[in-house]
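> the following comprises the amino acid sequence and a computationally predicted model.
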Number of protein chains: 2
Amino acid sequence: MKTSLDCIPCFIRQTLDAARLISTEPSEHKKIMREIISFIGNMDLDRPPPVLGQAIHRRIREITCVEDPYCEVKEYQNHMALSLFPMLKAEIDASSDPLMTAVRLTIAGNILSMTASGNVTESDVHNAIKQGLTEHSYMQEAEFRRAIAEAETILYLADNAGEIIFDRLLIEQLLRARLTVAVRGSPIINDATVKDAYAAGLSEFVEIIENGSDAPGIILEDCSQAFNRRFADADLIISKGQGNFETLNHGQRNIFFLFKVKCPVIATHVGMPVGTHILRQQSSG
Amino acid sequence: MKTSLDCIPCFIRQTLDAARLISTEPSEHKKIMREIISFIGNMDLDRPPPVLGQAIHRRIREITCVEDPYCEVKEYQNHMALSLFPMLKAEIDASSDPLMTAVRLTIAGNILSMTASGNVTESDVHNAIKQGLTEHSYMQEAEFRRAIAEAETILYLADNAGEIIFDRLLIEQLLRARLTVAVRGSPIINDATVKDAYAAGLSEFVEIIENGSDAPGIILEDCSQAFNRRFADADLIISKGQGNFETLNHGQRNIFFLFKVKCPVIATHVGMPVGTHILRQQSSG
C-alpha cells in the first residue's frame, strides 16, 4: 500500500521519540527534527510506509551515529513480556481451544509497537490481552485452521521485540509443521532482531533466520536472496504486525496476517475500526 | 510559553486538515504538505505555538489563495452549538448555581477546536458537556467569584466558532459589569471572528471588538492599538481556550483562563491530565 499523508505526523512523532531515546539534550532533538522534517518533505509517498520508515531511521542513525536507539526499549519490552509469559501460557493450557487462544494472545502482543502511538505501558499490554480474549475481532478461523493443517513448512514473520515472546505462544501450537521464524536483518525501531528471538527462547525449538533488511516491514527486493528463497518455498506464511501487512498485502502468496489495527489509515484500508484484532488471509492469495 | 517539538506533528496534521478543506485533489494536498513541512523545518520554536500557527496558516492561505478554509466548518459548528443552546440555557436556569454551571458548560464548549484533535462530532460535544457537569475539573471558584464581583469592566477573549455560543452562557451571567467580547481580526483556523459573534447573538447585549490579529491566540504586539488599550484598561480579562492561554500565561494581568486541556504539552505545563476542565487565575497576576 502507498503511504498516506496521514502517516507524516506519525513519522515526525516517531522521529521525536527516537531523538529523545538518543539524547537528553533538547538542542540535539531540535537538530534531528529539523533534519528529518526536511528529509520527509522530499520523500516519495507512492511507496509503502515501511519504505519511508526505513529511510527515516537510516537517516537518524547516520546523523546521530547511534546504531540502535531502541536497544534499551527492546530489552525492557522483552523483560515485560517474559514476566507475563507463564500467565499467558497457563491461559492457553486451560483453554478449550488452545490454538485460537494463542492466536488471540499473539495478536494482543502486537500492542508492543513504537510506531503508531508511542510508548506502551504494562497497563496497555494488560488491556490488549483482555481485549484480545473478550472483545470483537475479525478472525478467518476456519481458513487458518485449514491452512495450518495442510502446511508442511511455515515461515513466521516476526514484528517487534517483546511481541516476539507473545509470538512464541502461537509458534508452540504450530510445531507439527517445520517452522522458521524470520526477524529483521538489523535494528530498526523496536522491531525484533535475532537477539530478541533468542531472548524469547525460540532458538530452543525452531530455526531463526534474518531477512537481511533494516525495513520495519518486508520489502522483498531489499531482503537477502536466502530469505527470498525461504519466502518463496514456504507452504504458509504467517505475517505479524501492521508493517509486514503494509508491505505484503498485495502479494499472491498463501499469507495470513495477524495484527492489531493501530491507526486510522489502516482502519480505512481494512474497513475495520482502530483497535480491531485481525487474523486475515491475503485476499488475492 | 515556547513551542514544544511535540507540537510539530500536530501542526502537520492540522495542515493536512486545512488542505482537505481547501481541495478534494490529492495532488493539491501533497503540494500544500510539502510546502508547509519545509516551512515548519525552518521555524523559530522559541515563540508560543499560536505564533507558529499564525505563520503556517498565513502561508497556507498564500499558496492556495483561499482566504478562509474553515468557513463552512465554522458555520456548521455555530449551527450545532445554536441547536444545543436552549437545552444548555435550561440547564443553567434550573441550576442552584447558575454562574458555575455556566462556567462549566462554557469550558465544555472549548471542545469545538480544530487544533488539537481534528474534527469534532456532535457526540464529542455531548460527552464534553456531560464531563463538564459531572467530572473532575480544576476550578479557582472563590477567586473567580471575587474577581467578577469587583470588576466594573470585563474583556472576554473568545476562542472558536461554535464555542462562542457556549461563551454566551457565561457572558449572560456577567452583565452586571460592562462586558466587551473580543474576537480575531480575521479568519484563522476555526477561531471566532465578528461574523461568529453575530451568529451567537452577542451583538444584542454586549459590545464586540476585533483584536486586529490573525493569530490563534493573543499576541499583543500583533493586535491593534485599540485592542491593546481595551486590554490594558479592563478590570478583569476572561481568556478562553488553549491558544489564548499559550500566549498570555506569562503576563502580569488580572486574567482568568478557561479551557479544556487538549494535549500532552499543555497537560505537562499545567500539571493536570488531558481532558481536565480548568478555570485558573494567572499565577503571576
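Structure received. Numbering: from 1, shown residues only, chains lettered A, B, ... in the order given.
> need the residues of the stretch 1-150 of chain A near chain B, please.
Residues of the stretch 1-150 of chain A lying close to chain B (Cβ under 8 Å from any Cβ of the partner chain) are A:5-6, A:8-10, A:12-13, A:16, A:19, A:26, A:29-30, A:33-34, A:37-38, A:40-42, A:45. (Each C-beta comes from the backbone N, C-alpha and C, glycine too.)
> filter those residues down to the buried ones.
Neighbour-count burial (16 or more other Cβ atoms under 10 Å in any protein chain shown) is assigned, among the residues of the stretch 1-150 of chain A next to chain B, to A:5, A:8-10, A:12-13, A:16, A:19, A:29, A:33-34, A:37, A:40-41, A:45.
> can you show me the helices along the stretch 51-200 of chain A?
Along the stretch 51-200 of chain A, the segments classed as helices by DSSP state H, counting those that start in this stretch run A:71-93, A:98-108, A:122-134, A:141-150, A:163-171, A:194-199.
> count of residues packed around the residue in the stretch 151-285 of chain A positioned nearest to chain B?
Relative to chain B, the nearest point of the stretch 151-285 of chain A is A:Pro264 (9.6 Å; Cβ to the nearest Cβ). For A:Pro264, the neighbour count with other Cβ atoms under 10 Å in any protein chain shown is 14.
> for it, which residues are in contact?
Residues near A:Pro264 by Cβ atoms under 8 Å, 6 or more residues apart in numbering or on different chains: A:6, A:274.
> read off the pLDDT value for it.
pLDDT recorded at A:Pro264 is 92.
> likewise for A:Gly241?
96.
> likewise for A:Ser117?
pLDDT, A:Ser117: 52.
> likewise A:Gly251?
On the pLDDT scale, A:Gly251 gets 79.
> surely it and A:Gln281 touch.
No - using Cβ atoms under 8 Å, A:Gly251 is not in contact with A:Gln281; the gap is 11.8 Å.
> from B:Cys10, how far off is A:Asp124?
Look at A:Asp124 and B:Cys10: by Cβ to Cβ, to the nearest Å, they are 22 Å apart.
> next: A:Asp235.
A:Asp235 is 46 Å from B:Cys10, where distance means Cβ to Cβ.
> for A:Phe245, same thing?
27 Å.
> A:Met87: how many residues sit nearby?
A:Met87 has 9 nearby residues by other Cβ under 10 Å.
> again, but for A:Met272
A:Met272 has 17 nearby residues by other Cβ under 10 Å.
> checking my notes, it in a helix, right?
No - with DSSP: H, G, I helix; E, B strand; the rest coil as the criterion, A:Met272 is assigned coil and is not in a helix.
> just the pLDDT for it.
On the pLDDT scale, A:Met272 gets 94.
> same thing with the one 4 residues further on?
Among the per-residue scores, A:Thr276 holds a pLDDT of 92.
> kindly report the same for A:Gln131.
We have a pLDDT of 80 for A:Gln131.
> who touches it in this structure?
With the criterion set at Cβ under 8 Å, 6+ apart, A:Gln131 makes contact with A:108, A:275, A:277.
> and those, which are buried?
A:108, A:277.
> want to throw the contacts of A:Gln131 into TSV with distance to A:Ile165?
Below are these laid out as TSV (distance: Cβ to Cβ, whole Å):
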residue	distance to A:Ile165
A:Ala108	12
A:Gly275	22
A:His277	18
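> from the contacts of A:Gln131, which is closest to B:Glu91?
A:Gly275 (33.2 Å; Cβ to Cβ).
> residue contacts, the closest residue to the closest one other than its chain neighbours?
Excluding the flanking residues, the one nearest A:Gly275 by Cβ to Cβ, 6 or more residues apart in numbering or on different chains is A:Val261, at 6.3 Å. Going by Cβ under 8 Å, 6+ apart, A:Val261 touches A:242, A:267, A:270, A:272-276, A:278.
> per-residue pLDDT of A:Val261, please?
93.
> tell me the phi and psi of it?
phi -70, psi 120 (degrees, to the nearest 10).
> ok, it to A:Ala108 distance?
For A:Val261 relative to A:Ala108 (Cβ to Cβ), the value is 13 Å.
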